[in-house]
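Student: Fold the following and give me the result.
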Amino acid sequence: MGAFQALAEKLSCPVCSGKVQGGKDALRCEGCQAVFPVWGDFPWVFANASEWKADWTQRFRFYLQQLHDDVQNLKMELKLLDLLPKTRERLQHLVQAKTEQHRELEKLFEPLLLGQGPSYEQQLAAQTPLPETQQLMGYYGNVLRDWGWGEEENQICEDILAAILGPHPLGTMLVLGTGPSRLAYDIHRRLGGKDTIAVDINPFYLLVAERMLAGRNLNLYEFPIAPTDAKACASRVKCRAPETLKQGFSFLMADAMNPCFQDASVDTLLTPWLIDIVPQDFRSFAKKLNRIMKPGARWLNFGSTVFHHRLQHLCYSREEIPDILAESGFEVLQMRENVIPYLRSPASCQQRSEKVFTFMARKVQEVAPGPAYTPLPNWLSDTGMPVPIQADMQQQMIVNLTLTQVLAQVDGQKSLQQIAEVMAPTFELPASDVLPMLKRMFGRFVEGRGRSVNF
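Tutor: Take a look at the predicted model:
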């Protein structure tokens, strides 16, 4: 039997919905023979797992490059002659912290950093096709809160969920959008979980959580926007779990929007801080979750309900959620709101509270799950199709061509006025009209310096 066979028996192939067979280094679909590799000690169950790994590896490399560049820039600042002694001390502390952060995260990311990746400039140009809400370090504070800042916030969240769940056994508990996984870990321990599967789309969180549950420490740094003092500008946080979990808890890289689980395979579903950030319509998402839950299974949701969509009819209020659950085959058992402390770092002057919305619903009937969700057009999903000519692409081509022509004039000798005179025939405008355009163009480069690019 493969190392992941128990987990594989609950999965369905995201390509053909067939059964999945476990293995040591990869899972495999028994039907279409699709392979789902094991990277970082957990399986990646995607139709195009290699593309997902490439995207996240690019983000890892880019973040490490940013840390390296930050250190070099700080060292340049330290060469200034008129620094105050305390300023110099603060900058030296930042250099040490970012150097150690680079070293620690490079070790953590090691399973995904094999081989050479794209250049810094190529990454800037290509970006990555993952959801906008899923930046590599977008929820970095949650990692520190879960495993390093103490127990207050974690205990409050655990108590709220434990009170709603009651004494009923968890059975097979699926946690979608598990993040750094402290809440999943706490509920599993407190309520005697036997089989918990923690799923996320971001391998950084799973790499951290897997290390925590294995009983290993991780020393990270926090860089608060509003530090309490000079030393707190780079605050060292020792992350660790209260105790080791050796069995009954699995991690899985997979897409929560198209759950890769067998029909009626889940007894308890937990969605922490998830339903309002998925890019698909919550009404469609709820129906997909119905499919994987057993009759009578409980769905426990915890977190905010600040839906972010371009279309206003998809930005549901809390009053609309019971109706969505009802049409999706669920009966609402409990609903409550609590104001809790949220991401209150001991190193930051800023203190935040959040109103969280918790509901527990029971599956009472089957509903059709609808088609698989994809944010991409067919020609992006099927890379053999021709790329259509689109107006926004043509516009971007003109913008890029213009920018390239302007930058080609920068030789360290010409002034803005001279470049404007050279470019005037291209723009079919007098140099006096081209000059303010160039000032705005180059001004954006100056303003962009020092801004971090999120991956």
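Student: secondary structure element for Ala256?
Tutor: Using DSSP states H and E, Ala256 sits in no helix or strand.
Student: What score does it have for pLDDT?
Tutor: The model reports Ala256 with a pLDDT of 94.
Student: so it touches Ile197, yeah?
Tutor: No. Contact criterion Cβ atoms under 8 Å: Ala256 and Ile197 do not qualify, at 11.7 Å. Where you see a C-beta, it was placed from the backbone N, CA and C, and this is true even at glycine.
Student: tell me, what's touching the two both at once?
Tutor: By Cβ atoms under 8 Å, 6 or more residues apart in numbering, Ala256 and Ile197 have no common neighbours.
Student: what about the helices in the protein?
Tutor: 5-8, 49-77, 85-109, 120-126, 140-147, 152-165, 182-190, 203-213, 282-292, 321-327, 378-381, 391-407, 416-427, 431-448 (DSSP state H).
Student: can you redo these as TSV with distance to Cys32 and mean neighbour count?
Tutor: Output for these, formatted as TSV (distance: least, Cβ to Cβ, whole Å; neighbours: other Cβ atoms under 10 Å):
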stretch	distance to Cys32	mean neighbour count
helix 5-8	15	17
helix 49-77	14	17
helix 85-109	31	16
helix 120-126	29	12
helix 140-147	36	22
helix 152-165	38	16
helix 182-190	31	22
helix 203-213	24	23
helix 282-292	20	21
helix 321-327	33	17
helix 378-381	16	11
helix 391-407	33	11
helix 416-427	53	16
helix 431-448	46	13
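Student: Indicate which one of those helices is closest to Pro37.
Tutor: helix 49-77 (5.7 Å; Cβ to Cβ).
Student: quick one: average confidence on the closest one?
Tutor: 92.
Student: which other helices and strands contact that helix?
Tutor: Counting contacts by 3 or more Cβ pairs under 8 Å, 6 or more residues apart in numbering; DSSP states H and E, helix 49-77 is packed against strand 35-39, helix 85-109, helix 120-126, helix 203-213.
Student: Comparing those by mean pLDDT, which bottoms out?
Tutor: helix 120-126 (a mean of 47).
Student: about what we covered before: need the helices of the chain in CSV (columns: distance to Cys233).
Tutor: Output for these, formatted as CSV (distance: least, Cβ to Cβ, whole Å):
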stretch, distance to Cys233
helix 5-8, 42
helix 49-77, 11
helix 85-109, 6
helix 120-126, 26
helix 140-147, 15
helix 152-165, 23
helix 182-190, 26
helix 203-213, 23
helix 282-292, 40
helix 321-327, 41
helix 378-381, 42
helix 391-407, 36
helix 416-427, 37
helix 431-448, 23
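Student: Those helices: which one's closest to Phe359?
Tutor: Across these, closest to Phe359 is helix 321-327 (Cβ to Cβ), at 6.9 Å.
Student: What is the distance between the closest one and the centre of its chain?
Tutor: Put simply, helix 321-327 sits 27 Å off its chain's centre (Cα atoms, centre = their mean, to the nearest Å).
Student: next one: stretch 185-193
Tutor: With Cα atoms, centre = their mean, you get 24 Å for stretch 185-193.
Student: One more: stretch 216-234?
Tutor: For stretch 216-234, the distance to the chain centre is 21 Å (Cα atoms, centre = their mean).
Student: So for it, mean pLDDT?
Tutor: pLDDT averaged over stretch 216-234 gives 96.
Student: Over to stretch 173-185?
Tutor: On average, stretch 173-185 scores 98.
Student: oh, and call the first residue 843 from now on, that's how I've got it
Tutor: Yes, from this point I'll number from 843; that puts the last item at stretch 1015-1027.
Student: I'd like the C-alpha coordinates of that stretch written as PDB, please.
Tutor: What follows is stretch 1015-1027 as a C-alpha-only set of coordinates in PDB (Å, rounded to 0.1, in the frame of the first residue of the first chain):
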ATOM      1  CA  MET A1015     -12.800  16.400   8.700                       C
ATOM      2  CA  LEU A1016     -11.900  18.300   5.600                       C
ATOM      3  CA  VAL A1017     -10.400  21.800   6.100                       C
ATOM      4  CA  LEU A1018     -10.500  23.900   3.000                       C
ATOM      5  CA  GLY A1019      -8.300  27.000   2.900                       C
ATOM      6  CA  THR A1020      -6.500  25.700   6.000                       C
ATOM      7  CA  GLY A1021      -3.700  28.400   5.800                       C
ATOM      8  CA  PRO A1022      -1.000  27.900   8.500                       C
ATOM      9  CA  SER A1023      -3.400  25.300  10.000                       C
ATOM     10  CA  ARG A1024      -3.500  26.300  13.600                       C
ATOM     11  CA  LEU A1025      -7.300  26.200  13.800                       C
ATOM     12  CA  ALA A1026      -7.500  22.800  12.100                       C
ATOM     13  CA  TYR A1027      -4.800  21.600  14.500                       C
END
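Student: lowest-pLDDT helix or strand in the chain?
Tutor: Lowest on mean pLDDT, DSSP states H and E among the helices and strands of the chain sits helix 962-968, with a mean of 47.
Student: What is the end-to-end distance of stretch 856-866?
Tutor: 20 Å (Cα to Cα, to the nearest Å).
Student: chain center to that stretch: distance?
Tutor: Worked out by Cα atoms, centre = their mean, stretch 856-866 lies 25 Å from the chain centre.
Student: Sort out which residues of that stretch are buried, please.
Tutor: Pro856, Val857, Gly860, Val862, Gln863, Gly864, Gly865 (16 or more other Cβ atoms under 10 Å).
Student: which residues are contacting that stretch?
Tutor: By Cβ under 8 Å, 6+ apart, stretch 856-866 touches 843-851, 853-855, 869-874, 876, 878, 880, 887-889, 1096-1097, 1100, 1102, 1104.
Student: Strands - which of those residues land there?
Tutor: Leu869, Arg870, Cys871, Phe878, Val880, Val887, Ala1096 (DSSP state E).
Student: circling back to that earlier point, which of the helices of the chain sits closest to Ala1203?
Tutor: helix 1163-1169 (5.1 Å).
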